[in-house]
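*Asks:* mind looking at a prediction? Sequence and model below.
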Number of protein chains: 2
Amino acid sequence: MHQVLINGKWQNSESSDTFVAADPKAGQPLEDQFPISSWTDIENALASADQAFVKLRSMDATRIADFLETYADGLEAESESLRAIAHQETALPLDTRLVGELARTTGQLRQAAEAARSMSWTRPTIDSVNNIRSCLAPLGPVAVFGPNNFPLAFGSISGGDFAAAIAAGNPVIAKANPMHPLTTKMLAEVAQRAAETAGMPDGTVQLLYHMDYADGEKMIRDSRLGAVAFTGSRNGGLALKRVADEVGKPIYLELSSVNPVVILPGAVEESGKKIAEELTGSCVLGAGQFCTNPGLVIVRAGDSAESFIQATADLMAESPIGTLFSESGQSSLNSSIQNLQAAGAQLVVGGEAGGGDGFSHANTVLRVQGDSFLQNPTELQAEAFGPSTLFVVVDSVEQTIEVVDQLEGNLTGCFYSATDGSDDRDYDQIGPHLQQKVGRLINDKMPTGVAVSPAMNHGGPFPATSHPGFTAVGIPASLTRFGMLQCFDNVRPHRLPKVLQDQNPGGVWRLIDGAWTERDV
Amino acid sequence: MHQVLINGKWQNSESSDTFVAADPKAGQPLEDQFPISSWTDIENALASADQAFVKLRSMDATRIADFLETYADGLEAESESLRAIAHQETALPLDTRLVGELARTTGQLRQAAEAARSMSWTRPTIDSVNNIRSCLAPLGPVAVFGPNNFPLAFGSISGGDFAAAIAAGNPVIAKANPMHPLTTKMLAEVAQRAAETAGMPDGTVQLLYHMDYADGEKMIRDSRLGAVAFTGSRNGGLALKRVADEVGKPIYLELSSVNPVVILPGAVEESGKKIAEELTGSCVLGAGQFCTNPGLVIVRAGDSAESFIQATADLMAESPIGTLFSESGQSSLNSSIQNLQAAGAQLVVGGEAGGGDGFSHANTVLRVQGDSFLQNPTELQAEAFGPSTLFVVVDSVEQTIEVVDQLEGNLTGCFYSATDGSDDRDYDQIGPHLQQKVGRLINDKMPTGVAVSPAMNHGGPFPATSHPGFTAVGIPASLTRFGMLQCFDNVRPHRLPKVLQDQNPGGVWRLIDGAWTERDV
């Protein structure tokens, strides 16, 4: 049985319950046994994180930055074996996707290191007249629950939430996604070695693989835990949210999104074929298992739209069927597609489970008329996680707006419009409606690329996420989720945090008396 | 029966249920009848706010700023009659406190206007290489529930939450505090006139006086409402929080706080008399009905502490007994004080209801030993809202830390320490513990002054508030509560919000490629 990482040491779990992951391509369980931690493991991890947090608070942020950079270097050194294990557990392509995902992971860790070192995320604000000074500061140990679909770049001990929580000065208790526990263990090994090299306190990074729901709830309630980050299924996330809300604990969720794409008539006329190719590519990327997968496409009824839908269906049918992460993913995709049909959608192509290597499902296109959608908007916007998309064929701009107004919060919303300006009138009418429903509004491209940019918003209104003011991707903004606002009122100069003192030798950007500056007070 | 303000018109409520406020000084009900709105009123207000929001989103922010400034001017013009009504409903002193509170109110409105005009609150962030741009944008109509203790400066249609929500571009549905409905009505009249003058859409500001809990819950669930702000009792706030959390709606609460004050031994020796005066002044200010009232004072056991407690008790006993806002406030203060005694605190002075004009309660001092506190920390840190404070007499630095570690989240935490540095060792040990428990750490003064400063944090960890990352006072930061992060990825230049376009004629502070600047892209 694999060991858990608690208080800086790899150790046997106190529990004897176990689980195994699967090889998705073989469609078979793997042999490695991982513990389902009992409360004793969690208690030990919380106690250690609590101690680590005390030490981290008095530690210079440059050491945290060193840790993150050493960790990134370590991951690159282990690239081959890491990707081999991740490939076995997820079936993600070894030499393309996993190479890219690892680069994204190390890039994020290095950006987070820079943010920690520059203190830019703390937004120091100084009122020199009243001698009131404030900044964001770490809020305590963060429990990170990672999703199944990005074992590295969103991994519980390597991804964006991890990097943000650590860079903000908080210890992390990582809860592995049970679909790739061995990948997560190897990441944790590299992380722990880097933590030791950089002289981080024991318990800065800890790893548990699994726990039952009651223990997870107890962990979230525990006063030693400062915040929770979760990326995954809506039901799982909402269950954790209920507990966190009850005890007033910050929780950041990324839950579900159908990522509506509005393709205006002029764009279909002008470049329907190209858009059909882009849509198909975006739909089948990573076997459609992206949080920003374009799952709902709105087109205006007419011959051009019919040709466009058919072209997309043909391309989807021709595209190789990818391997899904799990058997449950396969069956849940299949029932989601059946539910869409039961709610009034017609199958255009695909629809059956299987057809690829191991866990898989046919690339699927469905369609529904706008008025049918409006009769059943809740069921017809349910996410079908995988290579599947639903066309909503509307009869007017007005009906487009009605459909958009029925959408829940989403991560993204896209518009394709003609380059000659002929769609601009429609855009101007529909745009403001879609903009309020999404975290990121996109023009003329598909939503699946999520650049790690300071201006990115990987967020959006509920139920895409749990708070519309924050992003999970993009540094330094993603760090602010794990900070509390601390104000120092008339506090004697030598007792102020460095970032709020008069002297600013590091040239931190600070808002002093209404102006942003890198200068001293 | 007084009229409600819905959709830009003063109109009769659709309900026939009514309530009355009281004259606290006379201890008698007032005659004016106010409606307890039924769902029809609320539905009408929501529909109007929804329409107003659509119009506000395409309106230049300078018009919003004009409205806020016109409103501030209008309040100053009505100062005398406004203060007279507020005085009758709250018993707050006409020529001191209410003059100051009105100045705070108009100052806040003008600061909010400036923030709206300068767009500083939107934090525009531009990645010019990837053409990704993001900023905060209004999130929809905000329901504001105001507290009893600041009829103007925290009033539901005039205070900090109102100013922040409006300046961020959101309509407000104000729910008056039922202890000062006539004051709120008069504020709303001035607000509505200013809205008309500035050409704001109908429904930008609306006023209801009261509603039953089920209708309030239904309002919060309604998808047309973007966010909720509430300042008041812990039970009331938590009930609203449960509903908002269930539907994933941002809710900002300010609930309760005992505002711990740690007076270190050297400070007691050096200036005990002066500190006792400051403590007493802070405790009885506004009859103790301040969210930042110093309700828990930690002193080190010894002769000096005994003298200090006695001096404070003498000053409290000598101070005039103020008038409380309500009969329920009087009885709830009295039972809170009795509960503290039942939990192990001893009464030093005061303890009885009455003694002043109308609703009132004796200025009260209680004390408890540190080890007794530690046996019953939950009951002994319950807020007693009014002119009352509890001394916790600890025997060591270590016990101080134990007591601090048992505290819930608070708005403020204060330290008094000797000027000669003799307390600095203690401060260094205790400081980091208190800092994590509070939104604002203060040195050498009492917590009751809350400057409206950009660097202020009137916030803190749960249950002081519902999110430790936000402040209710301080502009522009308080506006960010009512914004959603919107990202524009590859969006064509002419479709971008003004604040994200290449040209920056207004000189808005923007974070472009990692540097804050007022220049163009």
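*Replies:* Here it is on my side, so go on. Residues are numbered from 1 along each chain as shown, chains lettered A, B, ... in the order given.

*Asks:* so, low pLDDT: which residues of the stretch 51-200 of chain A?
*Replies:* Along the stretch 51-200 of chain A, the model assigns pLDDT under 70 to no residue.

*Asks:* could you redo the last one with a cut-off of 90?
*Replies:* Within the stretch 51-200 of chain A, the ranges that satisfy pLDDT under 90 run A:120.

*Asks:* try chain A
*Replies:* For chain A, the ranges with pLDDT under 90 are A:120.

*Asks:* what comes into contact with stretch A:121-135?
*Replies:* A:115, A:136-137, A:167-168, A:475-477, A:479-480, A:483, A:485-491, A:496-497, A:499-500, A:508-513, A:521, B:451, B:453-457, B:471, B:474, B:477 (C-beta atoms under 8 Å, 6 or more residues apart in numbering or on different chains). Every C-beta, even on glycine, is put in place using the N, C-alpha and C of the backbone.

*Asks:* which of those residues are buried, as a PyMOL select command?
*Replies:* Buried residues among those (16 or more other C-beta atoms under 10 Å in any protein chain shown), as a PyMOL selection:
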select buried, (chain A and resi 115+136+137+167+168+475+476+477+479+480+483+485+486+487+488+489+491+496+497+499+500+508+509+510+511+512) or (chain B and resi 451+453+454+455+456+457+471+474+477)
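
*Asks:* now, the contacts of stretch A:121-135 that are in helices?
*Replies:* Judged by DSSP state H, helices contain the following of the contacts of stretch A:121-135: A:A115, A:A167.

*Asks:* which ones among the contacts of stretch A:121-135 map onto strands?
*Replies:* Under the assignment DSSP state E, those contribute A:L136, A:A137, A:G483, A:L485, A:Q486, A:C487, A:F488, A:D489, A:R510, A:L511, A:I512 to strands.

*Asks:* closest one to chain B out of these, please.
*Replies:* Nearest to chain B among these: A:C487, at 3.4 Å, using C-beta to the nearest C-beta.

*Asks:* can you tell me the closest non-neighbouring residue to the closest one?
*Replies:* Using C-beta to C-beta, 6 or more residues apart in numbering or on different chains and skipping the chain neighbours, the partner closest in space to A:C487 is B:N457 (3.4 Å).

*Asks:* does the one you found touch A:G483 like I think?
*Replies:* No - using C-beta atoms under 8 Å, B:N457 makes no contact with A:G483, being 11.9 Å away.

*Asks:* and A:K218, what is it in contact with?
*Replies:* Here A:K218 is in contact with A:W39, A:I42 (C-beta under 8 Å, 6+ apart).

*Asks:* no wait, A:E278
*Replies:* A:K445, A:M446.

*Asks:* ramachandran angles for it?
*Replies:* phi -60, psi -40 (degrees, to the nearest 10).

*Asks:* then A:S156?
*Replies:* phi -60, psi -20.

*Asks:* got the ones in strands among the contacts of stretch A:121-135 as TSV, with distance to B:A26 columns?
*Replies:* What follows is the ones in strands among the contacts of stretch A:121-135, written out as TSV (distance: C-beta to C-beta, whole Å):
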residue	distance to B:A26
A:L136	48
A:A137	48
A:G483	49
A:L485	42
A:Q486	44
A:C487	40
A:F488	44
A:D489	38
A:R510	52
A:L511	48
A:I512	50
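
*Asks:* which members of those residues are the farthest-apart pair?
*Replies:* For the ones in strands among the contacts of stretch A:121-135, the farthest-apart pair by C-beta to C-beta is A:G483 and A:I512; their separation is 19.6 Å.

*Asks:* quick one, what contacts the closest residue to chain B within the stretch 351-500 of chain A?
*Replies:* Minimum separation of the stretch 351-500 of chain A from chain B (C-beta to the nearest C-beta) falls at A:F462, amounting to 2.8 Å. Applying C-beta under 8 Å, 6+ apart, one finds that A:F462 lies in contact with A:E408, A:G409, A:P468, B:V247, B:G248, B:K249.

*Asks:* same deal with A:D222?
*Replies:* A:L46.

*Asks:* again, 10 Å this time
*Replies:* By C-beta atoms under 10 Å, 6 or more residues apart in numbering or on different chains, the residues touching A:D222 are A:I42, A:E43, A:L46, A:A47, A:A49, A:D50, A:P141, A:A143, A:V247, A:K249.

*Asks:* filter the residues you listed down to the buried ones, ChimeraX style.
*Replies:* The buried subset of the contacts of A:D222, as determined by 16+ other C-beta under 10 Å, is captured in ChimeraX by this line:
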select /A:42,43,46,49,50,141,143,249
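
*Asks:* A:M446 contacts A:Y416, doesn't it?
*Replies:* Yes - at 9.2 Å, A:M446 counts as touching A:Y416 under the criterion of C-beta atoms under 10 Å.

*Asks:* and for these two, which residues touch both?
*Replies:* Joint contacts of A:M446 and A:Y416 (C-beta under 10 Å, 6+ apart) are A:V261, A:I275, A:E278, A:L279.

*Asks:* mind checking which of those land in helices?
*Replies:* Those of the shared contacts of A:M446 and A:Y416 lying in helices (DSSP H): A:I275, A:E278, A:L279.
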